[in-house]
Each structure stands twice: as structure tokens, then as C-alpha cells.
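Trainee: Let me see the structure of the following:
(one chain, ligands or ions: 1)
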Amino acid sequence: MNLDDVVITRAIVESFSKKFLEYSELDVAIAGAGPAGLCAAYCLARQKVKVAVFERKLSIGGGMWGGGMMFNELVVGQEGKGILDEIEVSYRTYQEGYYTADAVECISTLCSKATKAGVKVFNLISVEDVMLEGEKVCGLVLNWSAVEMASLHVDPLTIRAKYLVEATGHPAELIKIIVKKIGPKLLTPTGDIVGEKPMWADMGEKEVVENTKEAFPNVYVTGMAANAVFGAHRMGPIFGGMLLSGKRAASEILKKLKTQE
Ligand code: 48H
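Mentor: You can find the predicted model right below:
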């Protein structure tokens, strides 16, 4: 059979459009496909929650690919080891309490598990604003990252979700947008973004899980964004906390979704 180039084009555009439209009304929309966002998405999807992740870059995985200073091995601590078992990523014991995993295996496995569980990842799409209905933040305003990068004057599109997850890492972009557009009305002690503190792996790893919570009504923070928003330490190239934070974000949202049933 001869291949028709235009049929290939139609197949791509029609199936992408169908997928995007299907996911334009969601239970949970996640901004950022780093380890925290992906892990949150996976934990939600395996409980049959309708979830999509919007990622600015071509590749997903955020800061995980580079391990520490481009040595593509990850370290996880005692608690992080449990989640590697859960997502079936292999690791080696470096010494008691310190385990190493291959960054590529970790991201590709997480991505495969998440997509097979039903997560839709939309890469090359940036979150540029939030949608408001009355006082309620209820969606993400999206544009092609290429439009953003070229500073083109092109209006965005919008998707609706019951819950939003801020998983954009250190810059906490989604929460910054909320503060800029709505004011410093966060559920933090100051109402504003408190700001990330210097490196302290032991504290940062613990704090990132504690700080994974609602930061604005219906908006949950996870990963490095959680420590930036609530004012806690960075932890350097140790990734257990990111995965555990994603898992915690999912369980907090699941509790809320259950109360609405
Ligand atoms: C769409 C966006 C937008 C936007 C950003 O940086 P990440 O890997 O974030 P986490 O929190 O999952 O993991 C943090 C970890 O990688 C890290 O940096 C650590 C542990 N640092 C410790 C230290 O001490 O330095 O992923 C965030 C993702 C990226 O892929 C961005 O491209 C994406 O979010 N993103 N996507 N719209 N507006 N902003």
C-alpha cells in the first residue's frame, strides 16, 4: 500500500485535536512535568482521576535528567527508596540510607507508568495564566511555548479543572501568576510567596513533603515549588522528596475529590 502524506497530516491533527478536546475538562490539571508533577499525575490516574500535565519543554522530566551537575545518577534517601519500589525503578545501595538510581530509567519508567495509567502529557505548551470564575481559580490558560519564546502576539486557549497543581519547580510560576493577578492571598503565613531557603538536604527533603498542600483554594503545590512558596530549604540532587511530594499532592486531592462524590 502506498502512503499518502496528507493522510499522515490529517491523522496527526485530528487525533491531537480529539485528545486535547477530551482533556479540556479535567479533574486535575498539572503545570510542569518534572518528577513531582509526573508522580502526582501517576498517583491520581491510577485511582481513575482524569488528569493532564502541561509542560513547557519538548522533553518531560524537568531537572531529573541532569542528576547532580550533569552526572545522570540520582540519590534517594530511606523514604525515597519506598517510592522507587512502588514505581519499579531499580536502585543500588551506596551506603545505609543512600540509594542511587539511573536518571534515565527513573524518568522513562515514571513517564511510561503515568501514560499507561491514563495521564495525558501535553508537551511544548506553557501555562501563562489562570482562569477565574467568581473568586474561584478553575483552569489553566495555555499557549504554545514557541509563541511564548518568540514573543508573538497570539491569544491563548483555556482548559477547566476542579483542582490545579503547581509543579513548575524552583520558579513556582503558577503561584507567581496567582499572586500577580489576584494579590498576596495565599494560604502561607505571609499570604505571599515566602521564598526558597539555601541548601540543606536533610531539612529540604522533609519540608518538601510537609509543604505539599493547598496554597490557594483548589491549587496544590508540589516539588520545589512547594518549598519556594512556603519558604523552605533546597536539597540539591536528591530526588526522593520530589516523588514523595507528588504522591502526597495526589493523596490530598483524592481526599477532596472523594468528599465531593
Ligand atoms: C508549563 C512549566 C512552566 C509553565 C515551568 O524543575 P522541575 O524538575 O520541578 P520538580 O519540583 O518536579 O523537581 C525539582 C527538581 O528537578 C530540582 O530542581 C531539585 C530537586 N532541585 C534541588 C536544588 O537544590 O536545586 O520540573 C518543572 C517542570 C519543568 O519541566 C519546566 O519546564 C516546567 O515545569 N514548567 N511548564 N508551563 N509556565 N514553568
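
Trainee: which bits of the stretch 1-150 of the chain sit near the ligand?
Mentor: Counting by CB under 6 Å from any ligand atom, the residues of the stretch 1-150 of the chain close to the ligand are 31-37, 54-57, 62-64, 126-127. Any C-beta I mention is one placed from the backbone N, CA and C, and that applies to glycine too.

Trainee: Could you report the neighbour count for K120?
Mentor: For K120, the neighbour count with other CB atoms under 10 Å is 18.

Trainee: which residues sit in contact with the residue nearest to I178 when sequence neighbours are not counted?
Mentor: Closest residue in space to I178, ignoring its immediate chain neighbours: F216 at 5.4 Å, by CB to CB, 6 or more residues apart in numbering. Shown in contact with F216 (CB atoms under 8 Å, 6 or more residues apart in numbering): 137, 175, 178, 182, 185-187.

Trainee: Of the residues of the stretch 1-150 of the chain next to the ligand, just the buried ones, PyMOL syntax please.
Mentor: Here is the PyMOL selection string for the buried members of those, based on 16 or more other CB atoms under 10 Å:
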select buried, resi 31+32+33+34+35+36+37+54+55+56+62+63+64+126+127
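
Trainee: Just the residues of the stretch 1-150 of the chain next to the ligand: which are in helices?
Mentor: Of the positions in those, 35-37 sit in helices, assigned by DSSP state H.

Trainee: of the residues of the stretch 1-150 of the chain next to the ligand, closest to L257?
Mentor: G37 (17.7 Å; CB to CB).

Trainee: quick revisit: for beta bridges, what are the partners of the residue nearest to I178?
Mentor: Beta-bridge pairing of F216 under DSSP bridges involves V219.
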